Structure formats: C-alpha cells, structure tokens
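[1] Sequence and predicted model, in that order:
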Amino acid sequence: MSKETIKQKEKQVEELAQKLKKIQSLVAVDYRGISVGVDTAMRAELRKEGVEYAVIKNNIMERALKSANLSLPESALKGPSAFALCFNDPISGAKILAERQKDKKLVIKAGIIENKTLDTNEMMTVAAIPSKPVLIAQMLGLLLSPLSGLAVALDQIAKQKS
C-alpha cells in the first residue's frame, strides 16, 4: 500500500472514531439482498431521524471502534456490513432497520447503545420499545385514567341527587 493510501485510511479511521465518540447508538447490518429503491427509501427515513447510514469497510470500523473505546462482536465485522450511527434518539435507527429485517431485506448483526454492546436479539428487543412521544402519551394516559374515573363517578353521583 502506498503512503498516500495509508494516510487516507488513517484519516478515515480518525474521522469515524470522532463520530463514534458522539453517537447514542450504532447498528451493524448485513445489507445483502436489499434493492436500490428500498435502500434509497430507508436512507431517507434514517436521515429524517438524524441517523447516518453508510457502508464502511470492516477493518476501518474495527480500528475506529478501538480508537473510540467501543467494541462489536467479531461476527458483526465479517462479510458485507453497513452501519447506522444514531446521534439523537438511541433507538430510532434500530427501529427503522428492524422493520427492514422483518421484510427479510437486511439482517441486523449487532449494535451498541450507550456504550453497551448488544447482539441481534437484544437489538430487536430495543427496536420494539415505543418511541419517546408514544411512551409519554402512555404515561399521561395512565396518570389521567384515575382522574377521569373519579370525574365520571362524581358526575353520576351528582345526577342521582338531582
């Protein structure tokens, strides 16, 4: 390899390592079998959620992970790999990619959420968690339910006395 190529790869590893230090989560996928149309639509959906999706050589990702003090299982860095780097919501990338896995379009290999390495099954469990707005709505519903029940009961009592 030429010195120029080595410098380019070192720069690429360093830039990726800097990004990895800022991520909320990372999802590694095997993208074989995904069509261009599906890939384009998926990338647009990921971009809307603040997720950066790219095909990155496994050895470059491995070096960048090491530089950022992160790790993935060795099996996640074998074969064709693409990576979703999530900067905002830690589960948004996993949710979108899990939908594609259901369609048999791609396969989630592993991931990292808040510096914790997760395997495929754990990533699918995380992807099943409702989004933050849905969780907030569910919590409010649970909090308001007793109050609305009380209001109905008081209303019925008031109607019986009149």
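    Yep, it's here.
[2] Name the residues of stretch 53-69 that come out as buried.
    Y53, I56, N58, M61, E62, R63, A64, L65, A68 (16 or more other Cβ atoms under 10 Å). C-beta here means a position set from N, CA and C on the backbone, and glycine is covered the same way.
[3] Would you double-check that N59 falls in a helix?
    Yes. Per DSSP: H, G, I helix; E, B strand; the rest coil, N59 lies within a helix segment.
[4] which residues does it contact?
    L77 (Cβ atoms under 8 Å, 6 or more residues apart in numbering).
[5] Let me know the distance separating it from K102.
    30 Å (Cβ to Cβ, to the nearest Å).
[6] Check L65 too.
    The separation that L65 has from K102, given Cβ to Cβ, amounts to 27 Å.
[7] Next: L143.
    33 Å.
[8] Tell me how far G141 lies from I91.
    From G141 to I91 the distance is 21 Å (Cβ to Cβ).
[9] So between those two, which is more surrounded?
    I91 (23 against 10; other Cβ atoms under 10 Å).
[10] Look up phi and psi at that one.
    phi -110, psi 0 (degrees, to the nearest 10).
[11] pretty sure it is touching I129, no?
    Yes. Counting by Cβ atoms under 8 Å, I91 does reach I129; the two are 5.7 Å apart.
[12] Wasn't R100 part of a strand?
    No. Counting by three-state DSSP, R100 is not found in a strand; it is helix.
[13] who are the neighbours in contact with it?
    I34, V38, M42, L106.
[14] And for A94?
    A94 touches S25, V27, A84, C86, I108, G111, I113, M123, V126, A127, counting by Cβ under 8 Å, 6+ apart.
[15] how about the first one, phi and psi?
    It refers to S25. Dihedral angles (degrees, to the nearest 10) for S25: phi -160, psi 170.
[16] Numbering from 708 from now on, please.
    Will do, 708 is the new start, and the previous item becomes S732.
[17] Let me know how buried it is, in neighbour terms.
    Neighbours of S732 (other Cβ under 10 Å): 25.
[18] Tell me the one of the buried residues of stretch 760-776 nearest S855?
    Y760 (42.8 Å; Cβ to Cβ).
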